[in-house]
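Novice: I'll drop the sequence and a predicted model, then ask my questions.
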Amino acid sequence: MVELFYAEDDAHIAGVVKKYLEQKNFKVVVYNTISEVRRALEIHVPTVILLDWNMPDGRGDSLCQWIRGRWKELPIIFLTVRDDSHDIVSGFQNGADDYVVKPFELSVLYSRIQAVLRRTGNVAVQYLSCDGIKIDLNRRTVTCGTEEIDLSVSEYELLLYLLQNKGKTVTREKILEQVWDVNGNYVNDHTLTVTMNRLRNKLHQPSCLKTIRSVGYRMEDII
């Protein structure tokens, strides 16, 4: 299923587009402001973003630039009225993957989304994130906000395992088994404690990484 974030402050247009795309097996979440989209992206990266050029709290190109600083390949399609065509072409050249001029046929919009996805693939599977902490699986990089964090192999694998199980409590025994023992590196419980402390320090003591006393750890988004 294609997950689509749709930034649109016109409730009627948003409702029509959402209904049509959901009939095409899309999962559509509508946001009324740029700030709402930013908060949502810190929690979860969708397959594609549909972005109206004029929003109540700013222009779409500002959000596009913010996204490109974090998720370079995430597909973005602008929607705009004809009077903004000059600006939208500039925005398209500076980061968006395509644009559609209002009013548009729903079938045309759908075709343009499909064309972009064929070119880019499902970039969302490249990223794991939790409350501003992100792993780029292709590049094996970790960022906290906009800061790239230098992790050791064991710290990276520990964070990766926790993010792959986001929202679940994982026991210390399971972490030792999956992060170390699976590669034949048998270590004691103290190694996990030390590695976790180093990881937390490098990530600036994130509140989303919780200790479940006498059990293990859990990563969960802070709402």
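Specialist: Yep, that arrived.
Novice: C-alpha from now on. contacts and neighbour counts both.
Specialist: OK.
Novice: check which helix or strand covers L63.
Specialist: Here L63 is covered by helix 60-68, with elements defined by DSSP states H and E.
Novice: would you mark the buried spots in the very next helix or strand once past that helix?
Specialist: Later in the chain than helix 60-68, the nearest helix or strand by DSSP H and E is strand 76-81. Neighbour-count burial for strand 76-81 flags 76-80 (criterion: 16 or more other Cα atoms under 10 Å).
Novice: and what of stretch 119-139?
Specialist: 121-124, 126-136.
Novice: max pairwise distance over the residues you listed: which two?
Specialist: Farthest apart among these by Cα to Cα are G121 and D131. That separation is 24.7 Å.
Novice: and the helices in this protein?
Specialist: Counting by DSSP state H, the chain has helices at residues 11-23, 34-43, 60-68, 85-93, 106-120, 153-164, 172-175, 189-202.
Novice: center of the protein - which residue?
Specialist: V45 (2.2 Å; Cα atoms, centre = their mean).
Novice: grab the nearest non-local neighbour of that residue.
Specialist: Nearest residue to V45, sequence neighbours excluded (Cα to Cα, 6 or more residues apart in numbering): A124, at 5.6 Å.
Novice: coming back round to it: pick out the lowest-pLDDT one from the buried residues of stretch 119-139.
Specialist: The lowest pLDDT within those belongs to A124, with 72.
Novice: quick one: contacts for it?
Specialist: A124 is in contact with 45-47, 74, counting by Cα atoms under 8 Å, 6 or more residues apart in numbering.
Novice: for the protein, what are the low-confidence residue spans?
Specialist: 82-94, 182-186, 223 (pLDDT under 70).
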